[in-house]
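A.B. asks: Have a look at this prediction, sequence included:
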Amino acid sequence: MRSCRLSAWLTAAALILPGVATRAQAQSEPRFVVGVSGGVQAAGSSLSDHFEFERNVETATVDVKYPTKPQALIDAGIGVRLWKHLGAGVAVSNAMRSGSAEVDARIPHPLQFGQPRTVEGTQSGIDTRETDVHVQVLYAVQTSPRITLTLSAGPSIVHLEQELVNGVTYDETYPFDVATFRSAESRRAKASAAGFNAGADLRWMFSRSIGLGGLVRYSRATVDLTTSDNRTLSVRAGGVQAGVGIRLVF
Amino acid sequence: MTVRKAAYAATAALLLLAGAGATTRPVRAQDARRTISIDARSATDRRDWDRRLDTMLRQGELRVRDTREDTLITGRTHQRADQYHRGIRVFGGDVARQADSAGLTESAFGTLYQGIDIDPSPAVDEDRARTLFQERTGATLDSSSTPELVVLPLDDGRYVLAWRLRVKTSHDARQYFIDARTGAALLDYTDRKTQSAVGRARGVLGDTKKISVRTTTGRFLTADELRPPSIQTYDMQGNPGRVNDALLGTVTLSTTDLASDTDNDWSDGAVDDAHVYAGYTYDFYFKRFGRHGLNNADIRVQNLVHPVRRSDLFTYIDEFPDFFINAFYDTNGVMVYGEGLPAGFTLGGQTWDFLAGGLDIVAHELSHGVTEFTSNLIYRNESGALNESFSDMMGTSAEFFFQPAGSGNLKADYLIGEDVIRPGGIRSMENPGLFGDPDHYSKRFQGTDDNGGVHINSGIPNQVFYLAIEGGTNRTSGLSVEGVGGANREQIEKVFYRAFTQLMPSNATFSVARAVSIQSARDLYGSGSPAERAVTQAWTAVGVQ
């Protein structure tokens, strides 16, 4: 939510900022660049979890594999040229995904020791939302009158919200030799961590101050999520981001 | 969740205690400003509260939930009314008023909440509330699951407009409350008054097993809530007179007679094994034959253990010998398990442990119940021996179903009662002669003792069962039998189960038993099948035509 507000603010700021000269490396060249892109964030490393709980005076185990498909990405950023090719910028990206987690549980039999039932299923609605704030050092190279390549790198703050499975509900009836998956219980966990980013943005100006651009960025941070049973689940957030969108220069 | 539940229960308990005190009494600091506990028993209190309650009823702050006649005092009526705030029920706010035949209040007790000042309009509508309940509980709610909008008094003294829904799952039934303004979860607690629980039990032989019990507040009781029938185990605490009265029907056993434990880690071997093995026997019949208990309609099973104390051996042995060295099926699902003999005492050179400690013994006795509701074999002479033999067959089959084959404690074999009557048990199906029982019809007991030898001549059909499974040679006739093999024991178990429960008449002789068991084998596995051949050869080997 915060990132959405920030994105909106940046966009609004871009619209009200006074126009500046448009070409890089010259007094008349643009000083500010604002970009808004949409795209995808490729899946980071796979996320899985294993937890246990007491059931029927034995230990039940649950293994969860979380979805790894690409996330929808919205990215907004602003850059300012400070000296020659160099500049500074900040970008905010928001990646979202709703997928299904694969749950594989072993639930002890209520009447016999050593006869766990296998309970397998998928739970939909497992949401992931990642909001990154990238602080960047920019290096811009104009490759033609209309095309500029901007390289960027710097630290990132990654905020991750992840729906974590913390329990399994299942159906069983006498004689309890079989249990079938009904659903997985989940809670949303949130945490932030510092990381880094590096990327490139290529923009093509079709008018004096408006153009199109494409960005590719790699970011990485390890976020420690706290599960409902107070375990720490380390998640490698970030990944390759790719998007296209509008570029405004002033 | 547990913490919330505990806190809520504590509030309720305190309110209840307050109700037995003064007319209006603050309950605890945080509740003082908002609750009124009504305890109107004096004439002044009754008049005062009568006026107030009538006013509240007229104004819609109270609504009558139900009115019932007193079943014990003629003319009295009892009215229950719920508290409402601007048309919304206040959860937990209610009054129970007793009136005499003239309609005058005799007493009024209850709890009313005051100072409620919340807007009764929910921001979360009913459909959204249903969705939230579904998301929260994981349950699929049908159209009959209608959330109720209530005013929920919280433990911290606040009131919240909330949606309430009771959600039932296979494991539990819980009351859930979500905030009707924000959709946030507020409270949930179990609403199942009695609940099943699985505990850890130690048997007579020190083995660990799971025990299915009932949980109530702070205690666990030997009432199996997981299996379809009610299986209850009563600790008779060495009171043989009460056992006798219970068997005669002059005393009805109640929940207070059930064995109990505070931590669900059970250590009374006799109680544990009687309860667990009765469950195992039900499981065996269900899984093997699809049978639902003794009467195939899930009749209740009642186990009576500790009918005497071992230390009372000399006091009761003459009057109640069966309560020491026997286990028996009474009728209608009632079983009694003997206490065994004190350490250092032997009978026939054997020590006698708690009889409930033998799975084959428990299954044997319960199988008498199966016979009672099926063939009802007359308990004398050959039909009586068949009755006993069927119980030995099923007792042994239950052992093989749950225990690994072998010799020694907790191993499946063809000895009867060997785990608790040591050494060796009391009968052998493999070699009945070990215990002086006949293994051939020519050796049958023809006297009148033991109801015409019901526990003696059972050795003959027992030998048939053994030979049909394992094969071998009958020691008397020298005839060999090609058994189906231990891996196929299920076939012979089904043959005899079907023969004895569906085909056998009540006054069957061994010859009839031969005919019906062969017929059963043909029905199940076809003419010329290994099962039919094994059964036929086995009856021939023991001299029964």
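C.D. replies: Received the coordinates, thanks.

A.B. asks: which regions of the chain lie under the pLDDT threshold?
C.D. replies: Using chain A. Along chain A, segments meeting pLDDT under 70 span A:1-29, A:44.

A.B. asks: could you do chain B instead?
C.D. replies: Ranges of chain B meeting pLDDT under 70: B:1-35, B:40-41, B:71-72, B:138, B:142-144, B:168-173, B:190-194.

A.B. asks: domains in it, as residue ranges please.
C.D. replies: Annotated domains of chain B cover B:2-113, B:126-190, B:193-373, B:375-545 [automatic domain parsing].

A.B. asks: From the centroid of chain A, which residue is nearest?
C.D. replies: Closest residue to the average C-alpha location of chain A: A:E130 at 3.3 Å, with CA atoms, centre = their mean.

A.B. asks: looking at the domains of chain B, which is closest to A:E102?
C.D. replies: domain B:126-190 (16.6 Å; CB to CB). (C-beta placed from N, C-alpha, C; glycine too.)

A.B. asks: Contacts only, for B:Q237.
C.D. replies: Going by CB atoms under 8 Å, 6 or more residues apart in numbering or on different chains, B:Q237 touches B:H306.

A.B. asks: residues contacting whatever residue of chain A ends up closest to chain B?
C.D. replies: For chain A, the residue closest to chain B is A:S183, as judged by CB to the nearest CB, at 3.8 Å. Neighbouring residues of A:S183 by CB under 8 Å, 6+ apart: A:G121, A:Q123, A:V168, A:T169, B:G138.

A.B. asks: Tell me the secondary structure at it.
C.D. replies: Three-state call for A:S183 (DSSP: H, G, I helix; E, B strand; the rest coil): strand.

A.B. asks: Distance-wise, check A:G79 relative to A:R247.
C.D. replies: Remark: distance between A:G79 and A:R247 (CB to CB, to the nearest Å) = 10 Å.

A.B. asks: between these two, who's got more neighbours?
C.D. replies: A:R247 (28 against 25; other CB atoms under 10 Å in any protein chain shown).

A.B. asks: nearest residue to B:G425 other than its sequence neighbours?
C.D. replies: Leaving aside its sequence neighbours, B:G425 sits nearest to B:E418 (CB to CB, 6 or more residues apart in numbering or on different chains; 3.4 Å).

A.B. asks: Which residues are in contact with that neighbour?
C.D. replies: B:E418 makes contact with B:G358, B:D360, B:G424, B:G425 under the criterion CB under 8 Å, 6+ apart.

A.B. asks: Please apply the same query to A:A101.
C.D. replies: Contacts of A:A101 by CB under 8 Å, 6+ apart are A:V64, A:K65, A:Y66, A:P67, A:T122, A:Q123, A:I126, A:V165, A:A184, A:S186.

A.B. asks: Recalculate using a threshold of 10 Å.
C.D. replies: Counting by CB atoms under 10 Å, 6 or more residues apart in numbering or on different chains, A:A101 touches A:47-49, A:64-67, A:121-126, A:163-165, A:184, A:186.

A.B. asks: Please apply the same query to B:G340.
C.D. replies: B:G340 neighbours (CB under 10 Å, 6+ apart): B:204, B:270, B:308, B:310, B:313, B:324-325, B:347, B:351-357, B:420-421.

A.B. asks: Of these, which belong to strands?
C.D. replies: Judged by DSSP state E, strands contain the following of these: B:T351, B:W352, B:I421.

A.B. asks: Within the helices and strands, which one has B:F400?
C.D. replies: helix B:381-402 (DSSP states H and E).

A.B. asks: Give the other helices and strands that that helix contacts.
C.D. replies: In terms of contacts (3 or more CB pairs under 10 Å, 6 or more residues apart in numbering or on different chains; DSSP states H and E), helix B:381-402 is packed against helix B:269-289, helix B:359-372, strand B:415-416, strand B:427-428, helix B:449-453, helix B:459-470, helix B:489-498, helix B:510-525.

A.B. asks: Was I right to think A:G243 contacts A:Q71?
C.D. replies: No. A:G243 is beyond contact range of A:Q71, at 11.5 Å (criterion: CB atoms under 10 Å).

A.B. asks: which residues do these two both contact?
C.D. replies: Taking CB under 10 Å, 6+ apart as the contact rule, A:G243 and A:Q71 both touch A:G39, A:V40, A:Q41.

A.B. asks: what helix or strand does the first one sit in?
C.D. replies: Assigned by DSSP H and E, A:G39 belongs to strand A:32-41.

A.B. asks: gap between that strand and the chain center?
C.D. replies: Offset of strand A:32-41 from its chain centre (CA atoms, centre = their mean, to the nearest Å): 15 Å.

A.B. asks: May I see the buried residues of that strand?
C.D. replies: Within strand A:32-41, the residues that count as buried by 16 or more other CB atoms under 10 Å in any protein chain shown are A:F32, A:V33, A:V34, A:G35, A:V36, A:S37, A:G39, A:V40, A:Q41.
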